[in-house]
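Novice: From the sequence below, what's the structure:
(4 chains)
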Number of protein chains: 2
Amino acid sequence: MKEAARFFKILADESRLNMLWLLFNRRELCVCDIMAVLEITQSKASRHLATMRNLGIVTDRREGQWSYYSLCPVEGQLAKDHLKLLKTTLSQRPEADQLLEKLHIWLKEKEKGASCTPDGKRCSAPLKTGGMRPSLAGGTR
Amino acid sequence: MKEAARFFKILADESRLNMLWLLFNRRELCVCDIMAVLEITQSKASRHLATMRNLGIVTDRREGQWSYYSLCPVEGQLAKDHLKLLKTTLSQRPEADQLLEKLHIWLKEKEKGASCTPDGKRCSAPLKTGGMRPSLAGGTR
DNA sequence: TTTGTATATCCGGTTTAACGAATATTGTCA
DNA sequence: TGACAATATTCGTTAAACCGGATATACAAA
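Specialist: Below you'll find the model as predicted:
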């Protein structure tokens, strides 16, 4: 497939659009954040992010056991225009505000010690200092 | 699927992008023009056009046995921005110029009496008595 | 009416995308 | 080292997209 079509195909998926919307608003996020906020499985999150990375839309940065993803800096006016328009488009979707709110709540939770638990599979308190219960799911162990 | 993703999905196909590029440059075209210029089968042309019509990207107008397709007039600034950026994007594809050239050659051929023959299936000279020139927007003279 | 053209639609078949579950990999910490 | 957490990748299945060929419909002209 040629480049233009390939680019649009990336945008033709709800989950990827949601991820991009989050990344437009947060500079960088780890996979675990995205799973939690969008309530999707880990493999789904990771796969979609890999897809976008392969197309040069996002980059990742490894830090310890975490992978942080962020939007790629773009070169070229046309690409800049695309991103700008995309951001506007995403901001006008009905779910836009709610997603950002969920993101903020999640990040606050996380600060307090919560960790990934999108589908009730995992749960931990990575921060030693009184890490506490994420409210999201019961302790699967 | 939500609206944004659905819109991008439409653009995630070479043939549809090519059709849109032609329509950006010609006000209206009939299916037969598109088959000929893009060298695709009739069912493929018709199907893709129907897809775009169902999504409100193009409209059709029946005149005799011909169906003329054109871009829908758009309402809303965001939609206008999308179309404008899309046109720019399409114009910068490597095949853009060649397609327009083929379009012009085809339309000239057609004026002289040629008819659909994308895959070598059909061919005729429907224009006999100086009648009916399907009114293209002015048409190359 | 008959013939033929332009287009739409239907019918399999093939390819591609997306998914969850399971597993593999990598890094951390005890 | 071993256990575990975060992420990546593989596997098998399901769903969707796309396609060409065949057929159906609509219209035009003889």
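Novice: Please give me every residue in contact with the residue nearest to the spatial centre of chain A.
Specialist: When C-alpha atoms, centre = their mean is applied to chain A, the residue found nearest the centroid is A:Ile34 (3.6 Å). Residues in contact with A:Ile34 (C-beta atoms under 8 Å, 6 or more residues apart in numbering or on different chains) are A:Met19, A:Leu22, A:Ile40, A:Ala45, A:Leu49, A:Tyr69. Bear in mind the C-beta positions are built from the backbone N, C-alpha and C, glycine included.
Novice: go on, A:Leu103?
Specialist: Here A:Leu103 is in contact with A:Leu22, A:Asn25, A:Arg26, A:Asp33, A:Val37 (C-beta under 8 Å, 6+ apart).
Novice: Chain neighbours aside, what residue packs nearest to A:Asn18?
Specialist: Excluding the flanking residues, the one nearest A:Asn18 by C-beta to C-beta, 6 or more residues apart in numbering or on different chains is A:Leu38, at 5.3 Å.
Novice: is the strand or helix carrying A:Ile105 up against DNA strand D anywhere?
Specialist: If you go by DSSP states H and E, A:Ile105 is part of helix A:96-111. No. Figure legend: helix A:96-111 not in contact with DNA strand D (C-beta under 7 Å from any atom of the strand); closest approach 9.1 Å.
Novice: Show me which positions of that helix end up buried.
Specialist: A:Ala96, A:Leu99, A:Leu100, A:Lys102, A:Leu103, A:Trp106, A:Glu109, A:Lys110 (16 or more other C-beta atoms under 10 Å in any protein chain shown).
Novice: Tabulate those residues (JSON lines), appending distance to A:His82 and pLDDT.
Specialist: Formatted as JSON lines, the buried residues of helix A:96-111 follow (distance: C-beta to C-beta, whole Å; pLDDT from 0 to 100):
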{"residue": "A:Ala96", "distance to A:His82": "18", "pLDDT": "98"}
{"residue": "A:Leu99", "distance to A:His82": "21", "pLDDT": "98"}
{"residue": "A:Leu100", "distance to A:His82": "22", "pLDDT": "98"}
{"residue": "A:Lys102", "distance to A:His82": "26", "pLDDT": "97"}
{"residue": "A:Leu103", "distance to A:His82": "23", "pLDDT": "97"}
{"residue": "A:Trp106", "distance to A:His82": "28", "pLDDT": "96"}
{"residue": "A:Glu109", "distance to A:His82": "33", "pLDDT": "87"}
{"residue": "A:Lys110", "distance to A:His82": "31", "pLDDT": "88"}
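Novice: Check the residues you listed one by one and keep those near DNA strand C.
Specialist: Residues of those in contact with DNA strand C (C-beta under 7 Å from any atom of the strand): none.
Novice: Double-check A:Arg16 against A:Phe8; I have them as touching.
Specialist: No. When contacts are counted by C-beta atoms under 8 Å, A:Arg16 is not listed as touching A:Phe8 (11.5 Å).
Novice: Quick check: what element follows the helix or strand hosting A:Val37 along the chain?
Specialist: A:Val37 is located in helix A:31-38, with elements delineated by DSSP H and E. For helix A:31-38, the following helix or strand on the C-terminal side (DSSP H and E) is helix A:42-54.
Novice: wait, does that next one make contact with DNA strand D?
Specialist: Yes. Counting by C-beta under 7 Å from any atom of the strand, DNA strand D is contacted by helix A:42-54 at A:Gln42, A:Ser43, A:Ser46, A:Arg47, A:Leu49, A:Ala50.
Novice: Just the buried subset of those, please.
Specialist: For the residues of helix A:42-54 next to DNA strand D, buried by 16+ other C-beta under 10 Å: A:Gln42, A:Ser46, A:Leu49.
Novice: Out of those residues, which comes closest to DNA strand C?
Specialist: A:Gln42 (6.6 Å; C-beta to the nearest atom of the strand).
Novice: For that closest one, report the pLDDT, please.
Specialist: At A:Gln42, the model reports a pLDDT of 97.
Novice: Verify the stated contact: it with A:Cys30.
Specialist: No. Taking C-beta under 8 Å as the definition, A:Gln42 is not a contact partner of A:Cys30, at 11.5 Å.
Novice: Off-centre distance for the lowest-mean-pLDDT helix or strand in chain A?
Specialist: Among the helical and strand segments of chain A, the one scoring lowest on mean pLDDT, DSSP states H and E is helix A:96-111, with a mean of 95. In terms of C-alpha atoms, centre = their mean, to the nearest Å, the centre of helix A:96-111 is found 11 Å from the chain centre.
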